[in-house]
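**Q** My questions are about this predicted structure, shown below with the sequence.
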Amino acid sequence: WRPETHTFHMPFGECTITLEDVAMLLGLKISGAPITGYATMDWGALVQRLLGMTPLEAFILRIIGGYLLTDHSSSYVSLRYLSFLEDLDVCGQMSWGSCVLANMYRELCVCTNYDHKEIGGSGILLQLWAWYRFPFLAPPHPPLSTFHVPLGARWNYALHKPREETKDKIVKYREYLDRLKTEDFVWQPYLELLPTLPPYCFEDSQVWRSTVPLINFHIVKYHYADRVMRQFGMVQHIPAPPIHPEKLHDLSLRGKDNTDWSRMHVQFVQEWQSRLHRIWTQPACDTPHLSNSSEYMVSYRKHTRRWISPSSAKEGYVVSTNLRMYLNNYL
């Protein structure tokens, strides 16, 4: 994971969790007002009004804090999302999908720190994305549901896999990831499943290819759809350098009790509001495969870290050296 681009760097190029994945897997609203404003307030009256007698709001808050926007506490739910539940009709039209993805990006960025041992965010989203994109990681897929529900709701059965030693498993998977080829990644896993999904899963499909800031109060993370055009069945160009301001990476709520984040981040809110004007498009591609000599791959290798495993790095260095010697001698 590269924090500056919010993408996974693989041997074949970049890939990432996009707004499309959030819609297909979780069924969350993509277009709509961002989740922002004051993160703290006088909670007493609001808690009593919304959580004292009506269990629906409490259940929704549990879903938000326990599954979609988890922190590292494992037992607490932030009240900053509670005010959005006062009017559930309005709440349902807000962009919870972009909020969840912003939080997931933030957690993945934090986890690039070697000393960081935990991850928050929507673990369900991350796991399901990996299962649909990397077949070698996934258990057998569930049968097509007769109910029109998001894909994530179809994995509601017990999974039984033989236990492996964690250390051996990590080493094995790191080496496997270092050897991945273009065909090992499923670029468009949802095409054949679209007829089985409810319409709300793809009603905001025009926004999936937008390069926009994703907002969750103090969190702002850019969605670089232009870097993963093959996930949308399009030709991958050499992307522009990322525009994510460095100062946003370490921004926290600590000491900012009276901050109105909608004002603090007004520039990013305006960019999100113009999302329909920030949609990337490219010609359709016949195949996602790109040769090592293609312009994109040549540029990509100049900026990526090619190996995860030390053994793969050693092996790859030998192969690259032999290839250069061959080219110098015979071409």
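**A** Happy to help now that I have it.

**Q** so how far is residue 86 from the closest residue to residue 38 other than its chain neighbours?
**A** Closest residue to residue 38 apart from its sequence neighbours, by Cβ to Cβ, 6 or more residues apart in numbering: residue 260 at 5.5 Å. No exception for glycine: its C-beta is placed from N, CA and C like everyone else's. Plainly put, residue 260 is 18 Å away from residue 86 if you go by Cβ to Cβ, to the nearest Å.

**Q** again, but for residue 208
**A** 30 Å.

**Q** same deal with residue 21?
**A** 29 Å.

**Q** Show me which of the two is the more surrounded one.
**A** residue 21 (24 against 12; other Cβ atoms under 10 Å).

**Q** That one sits in which helix or strand?
**A** helix 19-26 (DSSP states H and E).

**Q** Which strands or helices does that helix pack on?
**A** Using 3 or more Cβ pairs under 8 Å, 6 or more residues apart in numbering; DSSP states H and E, the elements in contact with helix 19-26 are helix 96-110, helix 123-133.

**Q** export the shortest one as CSV, just CAs?
**A** Presented in CSV, the C-alpha positions along helix 123-133 are these (Å, rounded to 0.1, in the frame of the first residue of the first chain):
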residue,chain,number,x,y,z
GLY,A,123,-12.4,-5.0,7.8
ILE,A,124,-15.4,-6.6,6.0
LEU,A,125,-14.8,-4.3,3.0
LEU,A,126,-11.1,-5.0,2.8
GLN,A,127,-11.6,-8.8,3.2
LEU,A,128,-14.4,-9.0,0.6
TRP,A,129,-12.4,-6.9,-1.9
ALA,A,130,-9.4,-9.3,-1.5
TRP,A,131,-11.6,-12.3,-2.0
TYR,A,132,-13.2,-11.0,-5.2
ARG,A,133,-10.0,-9.7,-6.7
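
**Q** Mean confidence (pLDDT) on the helix or strand following it, please.
**A** Counting by DSSP H and E, the next helix or strand C-terminal to helix 123-133 is helix 166-178. For helix 166-178, the mean pLDDT works out to 79.

**Q** and the angle from the next helix or strand after helix 166-178 to helix 19-26?
**A** Counting by DSSP H and E, the next helix or strand C-terminal to helix 166-178 is strand 212-216. On the basis of axes from the mean of the first three to the mean of the last three Cα atoms, to 10 degrees, strand 212-216 is oriented at 40 degrees to helix 19-26.

**Q** so strand 212-216 versus helix 96-110, what angle?
**A** Using the same axes, to 10 degrees: strand 212-216 against helix 96-110 is 90 degrees.

**Q** hmm, who's touching strand 212-216?
**A** Residues outside strand 212-216 that contact it (Cβ atoms under 8 Å, 6 or more residues apart in numbering) are 34-36, 69, 98-103, 105-106, 220-223, 265, 268-269, 271-272, 275, 278.

**Q** Let me see the domain layout of the chain.
**A** Split into domains by automatic domain parsing, the chain comes to 8-277, 295-330.

**Q** Packed most tightly, which of those domains would that be?
**A** Greatest average neighbour count among the domains of the chain goes to domain 8-277 (a mean of 17), per mean count of other Cβ atoms under 10 Å.

**Q** Okay then, goodbye and thanks.
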